[in-house]
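Asker: Okay, sequence plus prediction incoming.
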Amino acid sequence: MARLTSRGPVLGIAALYFLVPVAASLWFTIADADGISFDVYSKGLGSEGLTTSLLRSVSIGLATVALGLLLMVPTTVAVALRLPKLRRVVEILCMMPLVVPPIALVAGVATVLSWQQDLAATPLYGTFQALINRDFPLILVIVYTVMSLPFLYRSLDAGLRSVDLRTLVEAARSLGASRTQTLLQVIAPNLRQAVMGGAVLSLAMVLGEYSVASVLGFEPFAVWMVNVGDSEAQLSVAAAMLSLLFTWGLLLLLTALAGGRTRKTESRRKTTS
Amino acid sequence: MAENVLEKVAVRAEQAAPRRRPRRRRARWLAVVPFFAFLAVGFGLPAGTMAYGAFTATDPATGATRFTTENVTGALSGVYAEGLAGSVRLSLLTALLATVVGAVIAQALVASQKPALRRAVVAACGVFANFSGAPLAFAFIATLGTTGTLTRMLSLESTGFSVYTFTGLVLAYLYFMVPLMVVTVLPAFDGLRVQWREAAASCGATRGQFWRHVGIPVLTPSLLGGAVLMFGTAFASHATAAVLVGGSVQLITIQIANALNGNVLAGQENLALAMSLNMVLVALLVMAVQIPLQRRSARWLG
């Protein structure tokens, strides 16, 4: 009896704890001195600061995803196919960012960037200028790519384990496919879900990231949200809700993409147990 | 005819073989070179600079660099020791709470046996586990802050509650840690076989006895592993605390950010590096505990 009655309250209290802040925040954005007003949404969300910073975040995010995949897909495929000895090394290296928290990593990055003055006379100075370009800070792309390595690796590794890559490649090659054809038409479609999974997670991470960007003095979406909060609390809360919506949308996309695979593994689990 | 072709192919293959092998070896290394080069520059350089800077000091007058342990001892004394202790205390408390609450929710989910409910909760957990940092802090300010919705509705001011404190920080951290814990331990709760429960019941064990002698011992490695993961997550968090409480709660991450921004004193960069090194050491300790636990839980629940 106790079993039947305890479950409901547990999930009920949990639902309350998670839904109340969202509901209260939404109310906060529309409550006015004299009733309800949607001014924040109609005026504030169209403001220049929001669109600029959001576009900056999205472009940094897409660049991060592109760079991460360009580095990780060839590496994980090559390791799985030809360099099995490197597997442990690559795995450990990809997990290293978990040991160095973002704020500690950025402490090192800030120090490296401070060498700029000493290098003023060398050609490297131009490189530094490109790294800290305010509109598109390349340094953020690099740091975020490092930070996203753990989940990119995990998702690609899981994807590669679930297909018999060696057999696929041998089959494709013996049927006369070229190396590039094999990579694009055989390996890539099989890794699509893993690639999308890693990409969505790193995009979600970049869109909400605050610490690294604020320490290095750039203003992507999350930093703008905090800066505007000093004068317009309602607008920053509305922006926070917007980013919750983004995360939700991105993860919905991820579940939709992964849907086919989960169903398959679930049915397999049922038959084996 | 056919033999002729085969022969030709064989001859061609023989000719090609010695030429192709070295090229191929180079090709397979080529694929991983960018990865290692990127890690060396993007991760190795900053991390190395951090470790080097933690043990050196630059004389502002002469520009000369000398080795010293001042930064490290400085980062472990006074207000910075308080910050480290505050971070550890906050992470321990939130990890413990998240583990207990997450485990209870996971068990309730598994026991409910409603696939639709479970899918909905797992999806929600995914969203909330990723809802951290600055946006989360704003959600809590809007809910429980000075002019927050709940503060006004329940007139929390009069009770002396404030969200800009250690307690408020615990509440905010749990908001993303509990869902993360649920997602992490749900597979372990799935792994508890119904047959074990039936076997225990048919041997006359009560529910309490089942959990004490079978359930909890089997789950312990997973729960501990989850708790360690929670500790690491809370310990590394910066944005939520920075936006929510600013400097009113001493935390090592906030102190590092302040030292880097030159908010405290100019020339504190190397102190920030030493504090970062301390954080890395704590994180390494966390990893050293977590990896064996993961292996152990895989043995029973794999």
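Answerer: Okay, I see it.

Asker: Where does A:Val65 fall, secondary structure wise?
Answerer: Secondary structure from DSSP states H and E places A:Val65 in helix A:48-81.

Asker: List the buried residues in that helix.
Answerer: A:49-50, A:53-54, A:56-58, A:60-61, A:63-65, A:67-69, A:71-81 (16 or more other Cβ atoms under 10 Å in any protein chain shown). No exception for glycine: its C-beta is placed from N, CA and C like everyone else's.

Asker: what's the offset of that helix from the middle of its chain?
Answerer: Computed by Cα atoms, centre = their mean, to the nearest Å, the separation of helix A:48-81 from the middle of its chain amounts to 8 Å.

Asker: ditto for stretch B:182-190
Answerer: With Cα atoms, centre = their mean, you get 17 Å for stretch B:182-190.

Asker: Check stretch A:244-262 too.
Answerer: 13 Å.

Asker: Ok, stretch B:128-148 next?
Answerer: That offset, for stretch B:128-148, works out to 20 Å (Cα atoms, centre = their mean).

Asker: Please apply the same query to stretch A:202-212.
Answerer: Counting by Cα atoms, centre = their mean, stretch A:202-212 comes out at 6 Å from the chain centroid.

Asker: Are that stretch and chain B in contact anywhere?
Answerer: Yes - counting by Cβ under 8 Å from any Cβ of the partner chain, chain B is contacted by stretch A:202-212 at A:Ala204, A:Met205, A:Gly208, A:Glu209, A:Tyr210, A:Ser211.

Asker: one step back: filter the buried residues of helix A:48-81 by proximity to chain B?
Answerer: Counting by Cβ under 8 Å from any Cβ, the members of the buried residues of helix A:48-81 near chain B are A:Leu71, A:Met72, A:Pro74, A:Thr75, A:Val77, A:Ala78, A:Val79, A:Leu81.

Asker: what about residue 100, how many neighbours?
Answerer: Since no chain was named, I'll use chain A. If you count neighbours by other Cβ atoms under 10 Å in any protein chain shown, A:Val100 ends up with 25.

Asker: wrong chain, I was asking about chain B
Answerer: 14.

Asker: so which strand or helix has it?
Answerer: helix B:78-112.

Asker: Let me know the angle separating the helix or strand that that helix is followed by from helix B:78-112.
Answerer: Counting by DSSP H and E, the next helix or strand C-terminal to helix B:78-112 is helix B:115-129. Angle, helix B:115-129 to helix B:78-112, by axes from the mean of the first three to the mean of the last three Cα atoms, to 10 degrees: 170 degrees.

Asker: Just name whatever secondary elements helix B:115-129 is in contact with.
Answerer: When contacts are defined as 3 or more Cβ pairs under 8 Å, 6 or more residues apart in numbering or on different chains; DSSP states H and E, helix B:115-129 sits against helix A:2-30, helix A:233-272, helix B:78-112, helix B:166-191.

Asker: so where does whatever residue of the stretch 51-200 of chain A ends up closest to chain B fall, helix or strand?
Answerer: Taking Cβ to the nearest Cβ as the measure, the point where the stretch 51-200 of chain A comes nearest chain B is A:Gly108, at 3.1 Å. Using DSSP H and E, A:Gly108 sits within helix A:102-113.

Asker: Which residue, other than its chain neighbours, is closest to the residue positioned nearest the centre of chain A?
Answerer: Centroid-nearest residue in chain A, with Cα atoms, centre = their mean: A:Ser202, separated by 1.6 Å. In space, not counting the residues next to it along the chain, A:Ser202 is nearest to A:Ser148; the distance is 3.6 Å by Cβ to Cβ, 6 or more residues apart in numbering or on different chains.

Asker: Surely that neighbour is within a helix?
Answerer: Yes - under DSSP: H, G, I helix; E, B strand; the rest coil, A:Ser148 falls within a helix.

Asker: In contact with it, which residues?
Answerer: A:Thr64, A:Val65, A:Gly68, A:Gly198, A:Leu201, A:Ser202, A:Met205, A:Val206 (Cβ atoms under 8 Å, 6 or more residues apart in numbering or on different chains).

Asker: Report the separation between the nearest residue to the last one once chain neighbours are set aside and A:Leu201.
Answerer: Setting aside the residues directly before and after it, A:Val206 is nearest to A:Gly61 in space (Cβ to Cβ, 6+ apart), at 3.8 Å. A:Gly61 sits 11 Å away from A:Leu201 when distances are taken as Cβ to Cβ, to the nearest Å.

Asker: circling back: going along the chain from the helix holding A:Gly108, find the next helix or strand for me.
Answerer: Next element after helix A:102-113 (DSSP H and E): helix A:124-131.

Asker: For the helices and strands packed on helix B:115-129, give me CSV that also has distance to A:Ala121.
Answerer: Compiled in CSV, those are given as follows (distance: least, Cβ to Cβ, whole Å):
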stretch, distance to A:Ala121
helix A:2-30, 52
helix A:233-272, 43
helix B:78-112, 37
helix B:166-191, 47
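
Asker: weakest of the ones you listed by average pLDDT?
Answerer: Among those, helix A:233-272 carries the lowest mean pLDDT, a mean of 71.

Asker: For the closest residue to chain A within the stretch 1-150 of chain B, report the pLDDT, please.
Answerer: Proximity of the stretch 1-150 of chain B to chain A (Cβ to the nearest Cβ) peaks at B:Pro46, 3.1 Å away. pLDDT for B:Pro46: 90.

Asker: Just give the closest residue to it, not the sequence neighbours.
Answerer: A:Gly108 (3.1 Å).

Asker: doesn't B:Ala272 make contact with that neighbour?
Answerer: No - under the criterion of Cβ atoms under 8 Å, A:Gly108 is not in contact with B:Ala272, lying 9.6 Å apart.

Asker: Neighbour count: these two, which is higher?
Answerer: The residue with more neighbours, out of A:Gly108 and B:Ala272, is B:Ala272; 32 against 27, by other Cβ under 10 Å.

Asker: which residues sit in contact with the more buried one?
Answerer: For B:Ala272, counting by Cβ under 8 Å, 6+ apart, the contacting residues are A:Ala107, B:Ile256, B:Ala259, B:Leu260.

Asker: if you set the cut-off to 10 Å instead, what comes out?
Answerer: By Cβ atoms under 10 Å, 6 or more residues apart in numbering or on different chains, the residues touching B:Ala272 are A:103-104, A:106-108, A:110-111, A:215, B:50, B:53-54, B:71, B:75, B:80, B:255-262, B:264.

Asker: likewise B:Gly53?
Answerer: A:107-108, A:111-112, B:65, B:71, B:269-274, B:276-277.

Asker: Quick check: of these, which lies closest to A:Ala14?
Answerer: B:Ser276 (35.5 Å; Cβ to Cβ).

Asker: Please give me every residue in contact with the closest one.
Answerer: A:100-101, A:103-108, A:111, B:46-47, B:50-51, B:53-54, B:75, B:252-253, B:256, B:259-260 are the contacts of B:Ser276 under Cβ under 10 Å, 6+ apart.

Asker: Return the residues in contact with the residue nearest to the centre of chain A.
Answerer: A:Ser202 sits next to A:61, A:64-65, A:67-69, A:144-145, A:147-152, A:155 when contact means Cβ under 10 Å, 6+ apart.

Asker: Now the common contact residues for A:Gly108 and B:Ala272.
Answerer: Residues touching both A:Gly108 and B:Ala272 by Cβ under 10 Å, 6+ apart: B:Met50, B:Gly53, B:Ala54.

Asker: The residue nearest to A:Val206 contacts A:Ala222, doesn't it?
Answerer: No - applying Cβ atoms under 10 Å, one finds A:Gly61 not in contact with A:Ala222, separated by 11.6 Å.

Asker: any residues in contact with both of those two?
Answerer: Common neighbours of A:Gly61 and A:Ala222 (Cβ under 10 Å, 6+ apart) are A:Val206, A:Leu207, A:Glu209.

Asker: Present those residues as JSON lines; the columns should include neighbour count.
Answerer: Shown next, in JSON lines, are the shared contacts of A:Gly61 and A:Ala222 (neighbours: other Cβ atoms under 10 Å in any protein chain shown):
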{"residue": "A:Val206", "neighbour count": "27"}
{"residue": "A:Leu207", "neighbour count": "22"}
{"residue": "A:Glu209", "neighbour count": "26"}
